[in-house]
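Student: Task: produce atomic coordinates for the following.
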Amino acid sequence: MPTRLRKIALGAGSLVATAALSVAVTTAATAHPRPPARGATELGDPDYGVCRGTNPACYHDWGNFNSSAGIKVLVYTHTAGPRHANLGSALGPGLDPPLTDANAAQQGMIALGKKYDFTVDWTEDPAQLATPAQLFKYNAVVFLSTSRDALDDAAQTSLRQYMRGGGGFVAIHNAFGTEYNWPWYEGLLGGANFYDHGSYQAGTVETVDRRDAATGTLPRRWNFTDEWYNLVPFPSKVRVLAEVDEKTLAQGVTGNYHHPGHGDHHPVAWCQYYDGGRAFMTTLGHGQTDFDPASTDTGVQYFQQLVVNGIKEVSGVEPFCR
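Tutor: From the prediction side, this is the model:
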C-alpha cells in the first residue's frame, strides 16, 4: 500500500478505536455511577461471586413464572432489631396473619395491590420462605423494612434459589438494614447497606433516569419526606434511577453516626440483574402513610408509583432496568 494511503488507513483506524472507546466509557458511566463526593470512597471492589449489573445476560429465563396469569407478591416484614412504626406490632406466624390498623405499611401494600391489579400475601414467618417451591408461587418478593437477621438458614437458601431461577426482588427502606453479615444479600441490594441517616425531613427527589418503567411516570423533580439513608458501601454496577438533592435538605444530611452524606450523587432508587433474577431497590418508605393509596400528598403518590412500577418490572410485565 502506498505510504500516503497507509497513513490514511491508520488514521481511520484510530478514529474507529476512539469512537469505540467513547461508547465503552459512556456505557460504563451509565451502569457504574460516579463514586460519592463525600463519605466512604475507599472500600475496594467487593466481588459477590455472581453475575450482576445491567446486562440482561445475567437473567435466567427458565419458565418459572407466568405473569399473564396475574402478578402475585409476597410482602415480608420480619424484624429482628429496630422496627419501623409503620409496620405496627409484630405479626403472628403463618401466611396472611391478622392485621390491625397499626400495620399501616402492610395494609397499604394490600390496598395498592387491589388498586393496581396484583395480589398480595404477607408474612413475618421465616417458615413461609423455607423452600424454593414456596417462593416460586410469587412473581416478586418484597422485603419491606425488615431488620437485622430476618432469615434463618432455610429461608436464606430458598431466597438464593428463587433468584437463581429468575425471581423478582424488591427492597424497600430498612431492607437495607437487614442481613448485614451475609455478603450475597449485600450484593442483592446492589452492593450497598444502610449506615445511618439524618433527620426525618422534606427534600427533593430528582428522577435521573426516566427511561425505566419504574420512573417513567415520575416528574424530573418531586418533593418527599424521609430519613434519606446514607450508605456503606455505596451501590455499584447498578442503574441509578433517582437521587435526593442534598441541597434541599434544610436540616442537613449528616447522619447520627456522622456519615457526611453522598454529595452530588445520593441515590434513593436503583435496579440490577442479580444471580439470575431481577432486583429493584429504594431506600424511601419511612412515613406512616407512605403506602396508603388514599393519601393526597403528591410526593407520596409518586413514591407509590415508584414502588408499584418496580414490582411490575421485576415481575416481567414491564421492561426491566433499561
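Student: from here on, contacts and neighbour counts on C-alpha atoms
Tutor: OK.
Student: Quick check: Tyr257 is in a strand.
Tutor: No. Going by DSSP: H, G, I helix; E, B strand; the rest coil, the assignment for Tyr257 is coil, not a strand.
Student: Please report the distance of it from Val75.
Tutor: 30 Å (CA to CA, to the nearest Å).
Student: what about those two, which has more around it?
Tutor: Set Tyr257 next to Val75 and count neighbours by other CA atoms under 10 Å: Val75 wins out with 22 against 11.
Student: residue contacts, the more buried one?
Tutor: For Val75, the contact set (CA atoms under 8 Å, 6 or more residues apart in numbering) comprises 106, 109, 120-123, 141-144.
Student: mind listing the strands for the stretch 1-150 of the chain?
Tutor: 52-53, 71-76, 118-123, 140-144 (DSSP state E, counting those that start in this stretch).
Student: tell me how far the shortest one is from the chain's mean position?
Tutor: Okay, so that is strand 52-53. 13 Å (CA atoms, centre = their mean, to the nearest Å).
Student: pLDDT on it, on average?
Tutor: Mean pLDDT, computed over strand 52-53, is 97.
Student: For that strand, which strands pair with it and how are they oriented?
Tutor: strand 267-274 (antiparallel) (DSSP bridges).
Student: low-scoring stretches of this protein, by residue?
Tutor: The model of the chain has pLDDT under 70 over residues 1-44.
Student: Mind checking which residue lies nearest the centre of it?
Tutor: Geometric centre of the chain, nearest residue: Met281, 0.7 Å, by CA atoms, centre = their mean.
Student: Without its sequence neighbours, what residue ends up closest to that residue?
Tutor: Ala171 (4.7 Å; CA to CA, 6 or more residues apart in numbering).
Student: Hmm, that neighbour is touching Thr282, no?
Tutor: Yes. Using CA atoms under 8 Å, Ala171 is in contact with Thr282, at 6.3 Å.
Student: related to what we said a few turns ago, of the contacts of Val75 - the most surrounded one?
Tutor: Busiest of the contacts of Val75 [other CA under 10 Å] is Val141, holding 30 neighbours.
Student: buried set for stretch 46-58?
Tutor: Neighbour counts using 16 or more other CA atoms under 10 Å place 48, 51-56, 58 of stretch 46-58 among the buried residues.
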